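*Asks:* Okay, predicted coordinates and the sequence, questions at the end:
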Amino acid sequence: MALLLVTSLFVVVLAWVSWRYLRRRDPLLRDVMWMFAAVAMLFVVGLLRLFMGIPPRAVMVLAIALLLAKPLFSLRLVSRLRPVPSWWWPVAFTAWLTVVPVLTSAEQPVPRPLVWPAVGVFFIGEGLAAWLLGAEARKRGGAARARLWCAAAGTGLIGSALLISATGQAVQARAVAVISGVLYLVAFVPPRALRRSWSQKVTSAVLCRLVDAPADEPATRTWQHFCDEAATVLGAEAVVILMRTHTGTVQVAGHAGLPAGDYEQTSSDCDALLSADSPIDALAGWTHPPPAAVMFARASGTRFVTVAPVPTGNGPGALLLLNRYRSLFAEDDIAAFTELAHRAAALAGRADILAERQSLALIVESSHDAIIGKTLDGVITSWNTGAEQLYGFRRDEVLGRYASMLFPPGQEHAEGQLMARIATGDRIDQYRVKRRRKDGATITVSLTLSPITDANGQATGVASISRDISERERAEAMFEGLLEAAPDAIIGVTRDGIIALINAQAERMFGYQREELLGRCVDVLVPERLRGGHPHQRDTYFAQPRKRAMGAGAALTAVRKDGTEFPAEISLSSVDTDQGIIATTAIRDVTDRLIAQAERERLITQAERDAAEKRLQHARRLESLGQLAGGVAHDFNNILAVISNYTEMISEVLDSPAPDPADLADARRDLGQIGRAAERATRLTKQLLAFGRRDLTQAEVLNLNHVIGDIEPMLRRSIGEHVHLVTTLDRDLWPVHADAGQIEQILVNLAVNARDAMMPGGGTLSIDTSNAELGADDRASSSLSAGRYVRVRVSDTGTGMTPEVIERAFEPFYTTKPKGSGTGLGLATVYGIATAAGGDVRLYSENGIGTTVTVVLPAVDAPPADSAGDAGLATEPVTGADPHETILMVEDEDDLRVITGRILTRAGYHVLTASGGEQALRLCQSHPGPIHLLLTDVIMPKMTGNEVADRIRELRPGIPVLYMSGYAEPVLTENGTLPDGVTIVEKPFTSQELLIRVRAFVQPPATATHTTSRPPEAGQ
């Protein structure tokens, strides 16, 4: 029976914990169930023996195994409450294996040597669990501490009971087991009153400490004390109080163990926290914890969040307890602290209430109005600074005296009536009365009287507010001044349409005198054709007065005294006066605005039209760009095909060990074909650069007749025998400043276009030159300024152009030739060269008759330069002694650097090659002998050619510099023109062109008459 009594206590606890587990599915309660189920198995075995005799062996083995496994279950429960070293579990399980011999002899008396190891392990395990539970109890307060101590004691006693039973003292062991069961019962199923008393004992002490705090302590300080006490009693790593604000947000009112930061939440976040009916595992993402719980857990380094609602004035707040491990027996303490939080909120509001009262007192004291407190029989009880300033009496002169001292003689009866109304709870607003100052002067004040009531609503005194009426009079005068100075016409109209108010601007706008309008119907200002519907509109407005801003309504029309009408905007508002509602109308003449608006709309329309034209031009440019890409790709593909095929054929000949003489002759001719293909590519590249204004221009003063004469033979070959070329040149032609090569390009482009226009039957191509002076009248259709110009006219008898083609003739990339036959750069290049030289191009064409293109260039006064020297330089072979000078060559392109070095070396020069600026500087410093010329590319990575030249001139002053580039703008050029002192060998160049330029620098002729053979140093 004693055994049944003991085990029944454990069964009661098991039943209660099981019922709670079925309700909440808490893993902590599941571990408690296993712990008490282990001991309850003895109860099951006892019942089986009572009703069935000796139980089966399997039942006995299971019962004894569960009983002896109770230390493991106890340690499992403790591990959920506090950290436990990971190595304990394998040690505990290994020790538990000592019960195996006991299990094997479950139906027989167990030999004592086999019992003691199992009992010892049981006792040690239970003792260790009891020690850990006691350590956890020391960290808590309230009911949790008492219940944890009971659980620790019960755990230790059950281990002692089994140890005592192993010695054969069954009665003593069962007595200790009964005490253990009672302690477990008190720990897990204590009476509600006992739990509440434990919790309230702690919270009462906390409340006393909160109440003892200063009354003016800030609310944040009060909540901080509350959170610190809660963390100590409840054993939480962090405690947070969330309070709702009147704006709908949720803020942290106080916290302990939480780092500083912005933890503002929304009401929905707080509701999500309060909806949790069990501790939240914030790190278990699969449970979808509330985001606010995850945020606070991560901020505090915890995992489990216990939430309890806290009532506040703006809605339920929340008390958050954050722990790294689960809590046991804390529900009563949490409930007690939740109730304490409501009282803490009231204590936290003390400082706010005091601050509010002090603020109100400060407002009363700082008011410019006289604020006086009186009893119902008229005794003055309070007197602010405004009253001192208004009446002249000091506070100590009036307190305790009757307010009748402020009344002029004869007003006592009227004041008595006012006090009687106040005693009945009435209120008097802005009552105009006379008052007497200390100096005897009488003033008029606006008086407001209000009853002072007690908690039951009974009037116990009077609050009087007095204001000097002269301030209002000054305000009325100021309003009148503002009304008269307003820029808009302002008219006040009564409900029946009578004008009651008018300002000076209204007089000026309508042409009436003030006396002519006051008292008349406002319809006199409305055009006669609109007066029929105006009364109805006025009645509609007065039925429901509302504000209408200026410009909010439709455009209106008003009429002046002289009968002229004008567009107007009005704004409406209503004023409630002692004469009834008056509608105030502000009227603005918008004639000038409508004119300006019409002009603005016209400009917007024009701007949109211009933008549309620009978009159309852009679309055309994109279309022409595609045509250019096709034409250029076609030409370059043809050139590359020639070069690659001829190169392959030459390679086949040279690969033969004994080439045939005929094959070698063919190879020489093939090399010529490759050279001509390279020349075609060079011309096409220069045409593209000239169109894009990226070609290098070396302008000089020249006579266009000479240029035409030099290029005439080439033109005749280009246009063919079916076209008859006629030139008419003015012998007195003025010189121009231009690049001869670009002029030749203009003539070639125009001649080729004319030839194509006269295909296949042929025709006549005419080129003539003349002088022209443009005056002011001639500039009407041109962008040129007045002055002297030279005119070159190229005419043909071809097919001519349609108006649509003429409109787009100078457009880049536009061509009427078949696909692949032209790039559309001909006339565009002509236009670009002419305009870059300060001139213009004019086009006249008739379909079926022919086309005339006139190029106009500005004339100069300087005489033409003698180009014989340059021509000789370009054609005559290099003579003199064999070259032996040293040349420093800088080129970043490897293949070009190798071939250029070979050309110069074969000519006899000593060449120092560098792939960049830094290597060139090192060679310049290390070379022991003189360097006669710096030959450098212009566009290079890291250091450009002119930078290399400047650095080398610092090391070797006076060294000549010759540049190599096919695209030097904008590094060396200014607006596409080379400055003085700079000479460039344009890429691609032939070996003869390179050697002529180099020889001109290193061995200048003694009688040189031009500056290009040896240019001066930069800066000279």
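*Replies:* Structure received.
*Asks:* Gly301 - how many residues pack around it?
*Replies:* Residues lying near Gly301 (other C-beta atoms under 10 Å) number 13. Placement of C-beta: from N, CA and C, glycine included.
*Asks:* repeat for the one 10 residues further on
*Replies:* Per other C-beta under 10 Å, the neighbour tally for Pro311 reads 12.
*Asks:* Kindly report the same for Arg437.
*Replies:* The burial count for Arg437: 13, using other C-beta under 10 Å.
*Asks:* Leaving out chain neighbours, which residue sits closest to it?
*Replies:* Gly392 (5.0 Å; C-beta to C-beta, 6 or more residues apart in numbering).
*Asks:* What are the neighbouring residues in contact with the one you found?
*Replies:* Residues near Gly392 by C-beta atoms under 8 Å, 6 or more residues apart in numbering: 437-439.
*Asks:* now those as TSV including secondary structure and distance to Leu603?
*Replies:* Listed next are the contacts of Gly392 as TSV, based on DSSP: H, G, I helix; E, B strand; the rest coil; distance: C-beta to C-beta, whole Å:
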residue	secondary structure	distance to Leu603
Arg437	coil	67
Lys438	coil	71
Asp439	coil	70
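*Asks:* With pLDDT and distance to Met889 as extra columns, can I get those residues in TSV?
*Replies:* Listed next are those as TSV, based on pLDDT from 0 to 100; distance: C-beta to C-beta, whole Å:
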residue	pLDDT	distance to Met889
Arg437	87	107
Lys438	86	108
Asp439	86	108
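*Asks:* Those residues into JSON lines, with extra columns for distance to Val985?
*Replies:* Listed next are those as JSON lines, based on distance: C-beta to C-beta, whole Å:
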{"residue": "Arg437", "distance to Val985": "106"}
{"residue": "Lys438", "distance to Val985": "107"}
{"residue": "Asp439", "distance to Val985": "107"}
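*Asks:* quick revisit: look at the residue nearest to Arg437 and report its pLDDT.
*Replies:* Note for Gly392: predicted pLDDT of 87.
*Asks:* Ok, Pro545 next?
*Replies:* pLDDT recorded at Pro545 is 79.
*Asks:* what's near enough to touch it?
*Replies:* Contacts of Pro545 (C-beta under 8 Å, 6+ apart): 573-574, 581, 583.
*Asks:* Residues contacting the helix or strand Ser204 falls within, please?
*Replies:* Per DSSP states H and E: Ser204 is located in helix 192-211. For helix 192-211, contacts defined as C-beta under 8 Å, 6+ apart pick out 141-143, 145-147, 186, 222, 225-226, 229, 233, 332-333, 335-337, 339-340, 343-344, 347.
*Asks:* which among these end up buried?
*Replies:* Buried members of those, scored by 16 or more other C-beta atoms under 10 Å, are 141-143, 145-147, 186, 222, 225-226, 229, 233, 332-333, 335-337, 339-340, 344, 347.
*Asks:* coming back round to it: narrow the contacts of Pro545 to those in strands?
*Replies:* Using DSSP state E, the members of these that fall within strands are 573-574, 581, 583.
*Asks:* Keep only those of the buried ones among the contacts of helix 192-211 that are in strands.
*Replies:* Short answer: these have none in strands (DSSP E).
*Asks:* What's the local residue count around Thr287?
*Replies:* As a burial measure, Thr287 scores 9 neighbours (other C-beta under 10 Å).
*Asks:* and what of the one 5 residues further on?
*Replies:* Applying other C-beta under 10 Å, we find 26 other residues in the vicinity of Ala292.
*Asks:* Then Glu744?
*Replies:* Neighbours of Glu744 (other C-beta under 10 Å): 16.
*Asks:* Quick check: phi and psi at Val522.
*Replies:* Dihedral pair for Val522: phi -70, psi -10, per degrees, to the nearest 10.
*Asks:* so Arg80 makes contact with Asn323?
*Replies:* No. The pair Arg80 / Asn323 is not scored as a contact, 10.8 Å apart, by C-beta atoms under 8 Å.
*Asks:* Give me the more crowded residue out of the two.
*Replies:* Asn323 (22 against 17).
*Asks:* one step back: among the contacts of Gly392, pick out the one closest to Ser795, please.
*Replies:* For the contacts of Gly392, the minimum distance to Ser795 (C-beta to C-beta) is 108.8 Å, reached by Arg437.
*Asks:* List the contacts of the closest residue to Ser464 other than its chain neighbours.
*Replies:* Using C-beta to C-beta, 6+ apart and skipping residues adjacent in sequence, the residue nearest Ser464 is Ile372, 4.4 Å away. The contact partners of Ile372, by C-beta under 8 Å, 6+ apart, come to 380, 382-384, 387, 403, 463-466.
*Asks:* And these, which is closest to Ser275?
*Replies:* Ala463 (48.4 Å).
*Asks:* Leaving out sequence neighbours, find the closest residue to Arg303.
*Replies:* With C-beta to C-beta, 6+ apart as the criterion, Arg303 has its nearest non-adjacent residue at 4.9 Å, and that residue is Leu283.
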